[in-house]
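A.B. asks: Mind looking at a prediction? Sequence and model below.
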2 protein chains.
Amino acid sequence: MSTQPDTYTRILEAARDLIYASSYADVGVQAICEKAEVKKGSFYHFFPSKQELTLAVIDNYYEGLKDSILREAFSASLSPAERFQKLFELTIARQELIHQQTGHVLGCPFGNLATELATSDEAIRCKIEGLFGRLQELMRETLVEAVAREKIEDLDIDATAEGMFAYFEGVMLLAKTKNDPAVLRKLLPATAQLRIHNIN
Amino acid sequence: MSTQPDTYTRILEAARDLIYASSYADVGVQAICEKAEVKKGSFYHFFPSKQELTLAVIDNYYEGLKDSILREAFSASLSPAERFQKLFELTIARQELIHQQTGHVLGCPFGNLATELATSDEAIRCKIEGLFGRLQELMRETLVEAVAREKIEDLDIDATAEGMFAYFEGVMLLAKTKNDPAVLRKLLPATAQLRIHNIN
DNA sequence: CCTTGACTTGACCAATCGGTCAACTATACT
DNA sequence: AGTATAGTTGACCGATTGGTCAAGTCAAGG
């Protein structure tokens, strides 16, 4: 049996898991403390507010993503097409695992938070906007490399990268709404075929 | 000056506007009552719970959509391509108006609610899933008519309709997260170009 | 040994949450 | 006129919300 992580980490991970499984507003500080086995006083020793905790949760989630799915998918050893394919595979596998464990497709944690809080918490919206920019940039770089290998006439690379990202998020939202991971299998791979052309 | 609508309607519309502008959890029954100029006792005379009210709000929103954007876009007098174009135009115009009035892109009211509540309120998730199905069906019919006019080789019509809908939702989510209606101008029209092909 | 500072604890706060209820008013039908 | 019914009102409920705080524990450093 492994020793428990330190208090800060327990709070962070409890909050991350609870919020991802439901929503920001639905998860109280009390519930986070219970799951983390921490008293509320300790919570506020490490985090000045629930909002600050959430900002840290977003960072933590992105770091986790970078060290797993993103690292594996956007590996230099893969061709652009293989990178996209790997990204879809890993995303589908993860969502299927979560669905099997929780009974729900949870979708994209950033998209979830952004949808809920974009209009009422500007700090969180900005943080996720920046993060979306980085993910979009990953798509763009992959796309640039793909085009370098095989020229595509009149392709608007920036718009296509943004469109691919939007499509990806939309498919996650649809799978969550239908609570059906099969949606991902059917739709996600088409992300790589999406093209937006320059107006002439 | 127009006379006020009846109590039921005032509650429904107040709730619709408040929830759309922020989120389900963020809007309390009290706030709804204040905006509707109704006492809490009256609220519970018309609606047994906040959840039931929300189900009615979803219906109300869909009816409104059917009588405005959907009716105008999916008119029998328009060609399939024109229908898509009209849908994008009207959607962009509405989101731009909302952005101008509130300072925020609010996105899709159904997508917003689904994202927030899909995992914690099965009744609401089901209602939105059904509604998504109807919207997706509109896309499918339009697509079928387009293909009848101009055959597209190996097109998976069902998957493409579902993909178009997902893309549409994803673009709305992205515009909301970036709080920038220009995202819609750049990305929404590409919905009509999206294609998912049969595997051979 | 004693102090310092990080951490923990549990009691506590005002405010708000969704929801209830008995009493009251106004309208409509017999 | 009398009664039934729909709608309104404001006080009230227990539970929970995010957040505070004084008092305490504990290990490290002088």
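C.D. replies: Perfect, I can see it now. Nothing here was measured: the structure is a model prediction, and the numbers come from that model.
A.B. asks: from here on, contacts and neighbour counts on C-alpha atoms
C.D. replies: Fine.
A.B. asks: any idea how far DNA strand C is from residue A:4?
C.D. replies: 11 Å (C-alpha to the nearest atom of the strand, to the nearest Å).
A.B. asks: likewise residue A:121?
C.D. replies: 16 Å.
A.B. asks: Quick check: phi and psi at that residue.
C.D. replies: Main-chain torsions, residue A:121, degrees, to the nearest 10: phi -140, psi 100.
A.B. asks: Count the neighbours of it for me.
C.D. replies: 13 (other C-alpha atoms under 10 Å in any protein chain shown).
A.B. asks: Next up, the contacts around the residue nearest to residue A:35 when sequence neighbours are not counted.
C.D. replies: Nearest non-adjacent residue to residue A:35, counting by C-alpha to C-alpha, 6 or more residues apart in numbering or on different chains: residue A:14, 5.9 Å away. Going by C-alpha atoms under 8 Å, 6 or more residues apart in numbering or on different chains, residue A:14 touches A:32-33, A:35-36.
A.B. asks: Most neighbours among those, which one?
C.D. replies: If you rank the contacts of residue A:14 by neighbour count (other C-alpha under 10 Å), residue A:32 sits at the top with 24 neighbours.
A.B. asks: who are the neighbours in contact with that one?
C.D. replies: Contacts of residue A:32 by C-alpha under 8 Å, 6+ apart are A:11, A:14-15, A:18.
A.B. asks: any residue of the strand or helix carrying it up close to DNA strand D?
C.D. replies: Secondary structure assignment for residue A:32, by DSSP states H and E: helix A:29-36. Yes. Using C-alpha under 7 Å from any atom of the strand, we find that helix A:29-36 touches DNA strand D at A:29-31.
A.B. asks: Which residues are in contact with the residue most central in space within chain A?
C.D. replies: Nearest to the mean C-alpha position of chain A, by C-alpha atoms, centre = their mean, lies residue A:108 at 4.4 Å. By C-alpha under 8 Å, 6+ apart, the residues touching residue A:108 are A:169, A:172-173.
A.B. asks: how about a cut-off of 7 Å?
C.D. replies: residue A:172 (C-alpha atoms under 7 Å, 6 or more residues apart in numbering or on different chains).
A.B. asks: Check the spacing between residue A:165 and DNA strand C real quick.
C.D. replies: Computed with C-alpha to the nearest atom of the strand, the distance linking residue A:165 and DNA strand C is 33 Å.
A.B. asks: and what of residue A:17?
C.D. replies: Distance, residue A:17 to DNA strand C, by C-alpha to the nearest atom of the strand: 20 Å.
A.B. asks: Same list, the contacts of residue A:32, but as CSV with distance to residue B:139 please.
C.D. replies: Converted to CSV, the contacts of residue A:32 look like this (distance: C-alpha to C-alpha, whole Å):
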residue, distance to residue B:139
A:11, 45
A:14, 41
A:15, 39
A:18, 36
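A.B. asks: Just the buried ones from these, in ChimeraX syntax?
C.D. replies: To isolate the buried members of the contacts of residue A:32 in ChimeraX, using 16 or more other C-alpha atoms under 10 Å in any protein chain shown:
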select /A:11,14,15,18
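A.B. asks: The helix or strand containing residue A:55 vs helix A:29-36, what angle?
C.D. replies: Assigned by DSSP H and E, residue A:55 belongs to helix A:50-65. Here helix A:50-65 points in a direction 40 degrees away from that of helix A:29-36 (axes from the mean of the first three to the mean of the last three C-alpha atoms, to 10 degrees).
A.B. asks: returning to what we had before: quick one: is the helix holding residue A:32 near DNA strand C?
C.D. replies: No. Against DNA strand C, helix A:29-36 shows no contacts by C-alpha under 7 Å from any atom of the strand, the least distance being 9.5 Å.
A.B. asks: and that helix, C-alpha only, in PDB?
C.D. replies: C-alpha atoms of helix A:29-36 as PDB (Å, rounded to 0.1, in the frame of the first residue of the first chain):
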ATOM      1  CA  VAL A  29     -15.400  22.900  -0.700                       C
ATOM      2  CA  GLN A  30     -16.800  20.600   1.900                       C
ATOM      3  CA  ALA A  31     -17.100  17.700  -0.500                       C
ATOM      4  CA  ILE A  32     -13.500  18.300  -1.700                       C
ATOM      5  CA  CYS A  33     -12.300  18.200   1.900                       C
ATOM      6  CA  GLU A  34     -14.100  15.000   2.700                       C
ATOM      7  CA  LYS A  35     -12.700  13.200  -0.400                       C
ATOM      8  CA  ALA A  36      -9.200  14.600   0.300                       C
END
